[in-house]
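> Have a look at this fold, sequence not included:
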């Protein structure tokens, strides 16, 4: 059942905590530059501590259903999250709910800002795509008392409900598939360093060590792209000239590696095997077909929305964690 909504912090409570006037807090919320820098910091800390959520809905509607859910996505250009959103909206459209979408850029602080804005519109529930949240984010969700589904991972700790895959287990299995085909110096390519990329790195390292092989990672905090895959390949070739395999945290990087290998006349998979993650259609159109892990993004989005709307309507959700299977695409590149 949904936890009852708690009392939302008002401007006077923020003012009382700091020992200033309510008008000063109001000025800060209109434009932080209207108060001094030290006071900006004090008010910001008080807002986080109290879990302040602005209310943009009229008072008469503050306890009514909005028939809208908030969806926080780390990227608006990544095909993975476009597919997830497609699944979510296939369910919300059917049940007469709207989605309010916010972009977080894989940044917990930005997620906090976007969440505060979404909750101000009295949304009925939330779908989150990351598991690392600020304390203020958790506090706001607790006060708002809305149901939450965290997606893309079925194993990491979650607040309310979870829908996803076991990133660790499926990564390990793909590495073992590569090893079984005779590849011994497989390098892990990682970008952005988000939670799931780190989990996949841990799984890659575990699989390599289980096979008595040394793990090596080439990683960067840069956003993922095929051109970045090219850059990482050259870096890996310089560091590990005897490498015979690449496992990339996603298909974007893997495709960049594949195309650059072809340009350099490196035979795939004879000299270097290549595997990605997520199984995008484009990877199955190239020659050789890209080996990857096909994740059910649309189905995950649909299931997350289904569970969330059940909870919003007060219906029982018997299974609060859903672990989806994946499909291994060996393609022609390993």
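Sure thing, it's come through. Quantities reported herein were computed from a predicted structural model and do not represent experimental measurements.

> all strands in the stretch 101-250 of the chain, in order from the N-terminus.
Assigned by DSSP state E, counting those that start in this stretch, the stretch 101-250 of the chain shows strands spanning 125-128, 148-151, 161-164, 186-190, 216-219, 245-248.

> can you map out the helices along the protein?
Listed in chain order, the helices found in the chain under DSSP state H are 11-18, 22-30, 37-50, 79-94, 108-119, 135-144, 167-180, 195-210, 226-239, 251-263, 297-312.

> list the helices and strands the second one packs on?
Which is helix 22-30. Packing partners of helix 22-30 (3 or more C-beta pairs under 8 Å, 6 or more residues apart in numbering; DSSP states H and E): helix 11-18, helix 37-50. (Each C-beta comes from the backbone N, C-alpha and C, glycine too.)

> Could you export those as a markdown table, including mean pLDDT, distance to residue 194 and mean neighbour count?
Listed next are these as a markdown table, based on pLDDT from 0 to 100; distance: least, C-beta to C-beta, whole Å; neighbours: other C-beta atoms under 10 Å:
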| stretch | mean pLDDT | distance to residue 194 | mean neighbour count |
| --- | --- | --- | --- |
| helix 11-18 | 82 | 32 | 16 |
| helix 37-50 | 85 | 23 | 16 |
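
> Minimum distance to residue 98: which of these has it?
Residue 98 sits nearest to helix 37-50 of all those, at 27.2 Å, using C-beta to C-beta.

> Give me the angle between the closest one and helix 135-144.
Interaxial angle, helix 37-50 versus helix 135-144 (axes from the mean of the first three to the mean of the last three C-alpha atoms, to 10 degrees): 50 degrees.

> what comes into contact with helix 37-50?
9, 13-14, 17-18, 20, 24-25, 28, 32, 35, 52, 134-136, 139 (C-beta atoms under 8 Å, 6 or more residues apart in numbering).

> ok, of the residues you listed, which one's closest to residue 153?
The closest of the contacts of helix 37-50, once distances to residue 153 are taken by C-beta to C-beta, is residue 134, at 18.3 Å.

> Can you tell me how far the closest one is from residue 292?
Computed as C-beta to C-beta, to the nearest Å, the residue 134 to residue 292 distance reads 33 Å.

> Looking at those two, which one has more neighbours?
The residue with more neighbours, out of residue 134 and residue 292, is residue 292; 29 against 17, by other C-beta atoms under 10 Å.

> Can you list the low-confidence ranges for this protein?
Residue ranges of the chain with pLDDT under 70: 1-8, 53, 55-64.

> if we can go back for a sec, tell me which of the strands of the stretch 101-250 of the chain sits nearest to residue 172.
Closest among the strands of the stretch 101-250 of the chain, once you apply C-beta to C-beta, is strand 245-248, at 10.7 Å.

> How far off centre is the closest one?
Distance, stretch centre to chain centre, for strand 245-248: 22 Å (C-alpha atoms, centre = their mean, to the nearest Å).

> Which neighbours in the sheet does that strand have, and how are they oriented?
Strands that pair with strand 245-248, judged by DSSP bridges, come out as strand 186-190 (parallel), strand 273-275 (parallel).

> Would you point to the one among these that's packed deepest?
A comparison of the strands paired with strand 245-248 by mean neighbour count, using mean count of other C-beta atoms under 10 Å, puts strand 273-275 on top with a mean of 28.

> For residue 95, give its distance to residue 72.
From residue 95 to residue 72 the distance is 20 Å (C-beta to C-beta).

> For the two, work out which one has more neighbours and name it.
residue 72 (21 against 13).

> Identify the residues contacting the more buried one.
Applying C-beta under 8 Å, 6+ apart, we find residue 72 in contact with 101-104, 111, 114-115, 118, 126-130.

> now those as a markdown table including neighbour count and distance to residue 326?
Below are the contacts of residue 72 laid out as a markdown table (neighbours: other C-beta atoms under 10 Å; distance: C-beta to C-beta, whole Å):
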| residue | neighbour count | distance to residue 326 |
| --- | --- | --- |
| 101 | 18 | 26 |
| 102 | 16 | 27 |
| 103 | 16 | 26 |
| 104 | 21 | 24 |
| 111 | 23 | 26 |
| 114 | 21 | 29 |
| 115 | 26 | 29 |
| 118 | 23 | 30 |
| 126 | 23 | 25 |
| 127 | 27 | 20 |
| 128 | 26 | 21 |
| 129 | 26 | 17 |
| 130 | 22 | 20 |
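
> picking up where we left off before, turn the helices and strands packed on helix 22-30 into a markdown table, including distance to residue 310.
Listed next are the helices and strands packed on helix 22-30 as a markdown table, based on distance: least, C-beta to C-beta, whole Å:
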| stretch | distance to residue 310 |
| --- | --- |
| helix 11-18 | 34 |
| helix 37-50 | 31 |
